[in-house]
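Colleague: Output the structure for:
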Amino acid sequence: MNVRIDLNEPKILAKVQNDRFGLLVSNEWKRLIDPYTPRDTGTMQDTAKLYPNKIHYIQPYSRYVYYGKNFNFQHKNPYSTYEWDKAAANAGQLDKLTRTLNNALQSGQY
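Modeller: As a prediction, this is how the structure comes out:
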């Protein structure tokens, strides 16, 4: 059996290396990690700024919470923990992100 794959790398890179696609990545990843993000009043989650391929938690205490290991994180979000992005990835959320991004690319949205 012969298999031939023709990749148009510049076209593929143009689709995934633009700000519009980067914002999709950030929006979808934030949605998927929110259940793992510590939440008390909601300020840290609600004021996060989304940039292409980046989520910035702007509250001054965000870094402290992200690296803190001596908190009772299950206060409002049952899965919340420190390093919530890594916890979400270990729980399979990264696979969901990949599927969503692949679907967006295959549908011709990007």
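
Colleague: Point out where this protein drops to low pLDDT.
Modeller: Within the chain, the stretches with pLDDT under 70 are 1, 7, 69-75.

Colleague: how about the helices in this protein?
Modeller: 9-16, 19-33, 43-46, 62-67, 84-90, 93-106 (DSSP state H).

Colleague: Excluding its own residues, what touches the first one? List them.
Modeller: With contacts defined as CB atoms under 8 Å, 6 or more residues apart in numbering, helix 9-16 is touched by Phe21, Leu105, Tyr110. Yep, even glycine has a C-beta here, placed from its N, CA and C like the rest.

Colleague: Can you give the distance from it to the centre of its chain?
Modeller: Here helix 9-16 is found 21 Å from its chain centre; the criterion is CA atoms, centre = their mean, to the nearest Å.

Colleague: Keeping just the C-alphas, turn that helix into PDB.
Modeller: Extracted in PDB, the C-alpha atoms of helix 9-16 (Å, rounded to 0.1, in the frame of the first residue of the first chain):
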ATOM      1  CA  GLU A   9       3.100  23.900   5.700                       C
ATOM      2  CA  PRO A  10       3.000  27.700   5.100                       C
ATOM      3  CA  LYS A  11      -0.800  27.500   4.800                       C
ATOM      4  CA  ILE A  12      -1.100  25.400   8.000                       C
ATOM      5  CA  LEU A  13       1.200  27.700   9.900                       C
ATOM      6  CA  ALA A  14      -0.800  30.700   8.800                       C
ATOM      7  CA  LYS A  15      -4.000  29.200  10.200                       C
ATOM      8  CA  VAL A  16      -2.500  28.400  13.600                       C
END
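
Colleague: tell me the angle of it relative to helix 93-106?
Modeller: For helix 9-16 against helix 93-106, the angle by axes from the mean of the first three to the mean of the last three CA atoms, to 10 degrees is 120 degrees.

Colleague: Run the angle between helix 9-16 and helix 19-33 for me.
Modeller: 50 degrees.

Colleague: follow-up on the earlier one: out of the contacts of helix 9-16, who has the most neighbours?
Modeller: Phe21 (19 neighbours; other CB atoms under 10 Å).
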